[in-house]
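Engineer: Return atomic coordinates for the entry below.
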Amino acid sequence: MNIEFNVIAIWDSNCEKMLMCKRRRNPYKGLYNLVGGKIEKDEEGLSAAYRELEEETGISKNETILTHLMDFTYYLPSIKVEVYVGRLNKEFKVHGDENDLEWIDINQNFFDTSRFAGEGNIGHILEHIILSKEVLMR
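Structural biologist: The predicted structure is shown next:
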């Protein structure tokens, strides 16, 4: 059985900070993570990313355009993670019920597993986003 998830990296409108959630429960309770969630059966990936983004932050298609950047496939235990990135097109007050939301300065060590979830995956994802920033943010 395949399980599919997405993570969504959102820049502020100035591309200086990244929106992250501080997890209130396990796994990774107390650590920063990107927003995202489970892709439902027969749901298209981009639609799922917009749905999760709005559910977790209040950000809709009106405030950002998401780009599908990359995927991770874990063959054991059969998990796929789709990674999307976007930038707010205006200032927007985010709100979340599941986790605390914070704008994090991009000049961080996102590989620090004492602060960031995912055994270094957050760092890997954000490195690729920063490398692709000029193309993604046109």
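Engineer: from here on, contacts and neighbour counts on C-alpha atoms
Structural biologist: OK.
Engineer: right, and the helix or strand after the biggest helix by length in the chain?
Structural biologist: Of all the segments assigned as helix in the chain under DSSP state H, the longest by residue count is helix 45-57. The element immediately downstream of helix 45-57 (helix or strand, assigned by DSSP states H and E) is strand 67-74.
Engineer: Show me which residues of that next one are buried.
Structural biologist: Buried residues in strand 67-74, defined by neighbour count with 16 or more other CA atoms under 10 Å: 67-69.
Engineer: Direction included, what does that strand pair up with?
Structural biologist: Strand 67-74 pairs in its sheet with strand 79-87 (antiparallel), by DSSP bridges.
Engineer: what about G123, neighbour count?
Structural biologist: The number of residues packed near G123 is 19, by other CA atoms under 10 Å.
Engineer: Wait, it touches N107, no?
Structural biologist: No - look at G123 against N107 with CA atoms under 8 Å: they stay out of range, at 11.3 Å.
Engineer: need the helices for this protein, in chain order.
Structural biologist: Under the criterion DSSP H, the chain contains helices at 45-57, 121-131, 133-136.
Engineer: tilt between the first one and strand 79-87?
Structural biologist: Direction vectors for helix 45-57 and strand 79-87, defined by axes from the mean of the first three to the mean of the last three CA atoms, to 10 degrees, enclose an angle of 70 degrees.
Engineer: Alright, calling it a day.
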